[in-house]
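1. got a predicted structure here, sequence first:
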Amino acid sequence: METNLILEGFKFMGLGMGTVFAFLIIMILAINTMASVLHKFFPEPQENTTLATDTKKDKSKVIAAISAAITHHREG
């Protein structure tokens with residue numbers, strides 16, 4: 001009885017790749033399930049609308065500071 005080594009190699013390659021593929025699918029399903037459970041019990045906090053107006057003021061201050069720094073750098 002003669003065994004074809006090429007065919008045996010392809011069988012082992014398919015078995016190994018199938019095992020890795022199955023493991024990755026199970027891992028992705030577990031991570032998605034864990035994420036949905038965490039989001040159910042620990043929802044993300046809602047953003048306050050008063051903070052949104054404060055961040056606009058902070059952004060204008062940051063833009064002014066960056067503009068001043070660029071101007072100072074170009075003047076030498």
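-> Arrived safely. Quick caveat, the model's predicted, so the values are computed rather than measured.

2. for Thr3, helix, strand, or coil?
-> Here Thr3 is coil, with the state taken from DSSP: H, G, I helix; E, B strand; the rest coil.

3. that one and Glu44, how far apart?
-> Thr3 is 58 Å from Glu44, where distance means CB to CB, to the nearest Å. Backbone N, C-alpha and C define where each C-beta goes, glycine included.

4. ok, now His72?
-> His72 is 40 Å from Glu44, by CB to CB.

5. which of the two has more neighbours?
-> His72 (9 against 6; other CB atoms under 10 Å).

6. can you give me the helices in this structure?
-> For the chain, the helices defined by DSSP state H occupy 5-41, 49-75.

7. can those helices go into TSV with extra columns for mean pLDDT?
-> Putting those into TSV (pLDDT from 0 to 100) gives the following:
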stretch	mean pLDDT
helix 5-41	96
helix 49-75	81
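
8. how many residues are close by Ala22?
-> Other residues near Ala22 come to 10 when the count uses other CB under 10 Å.

9. ah, wrong one, I meant Thr71
-> By other CB under 10 Å, neighbour count at Thr71 equals 9.

10. same thing with the one 5 residues further on?
-> As a burial measure, Gly76 scores 4 neighbours (other CB under 10 Å).

11. ok, it to Ala68 distance?
-> 15 Å.
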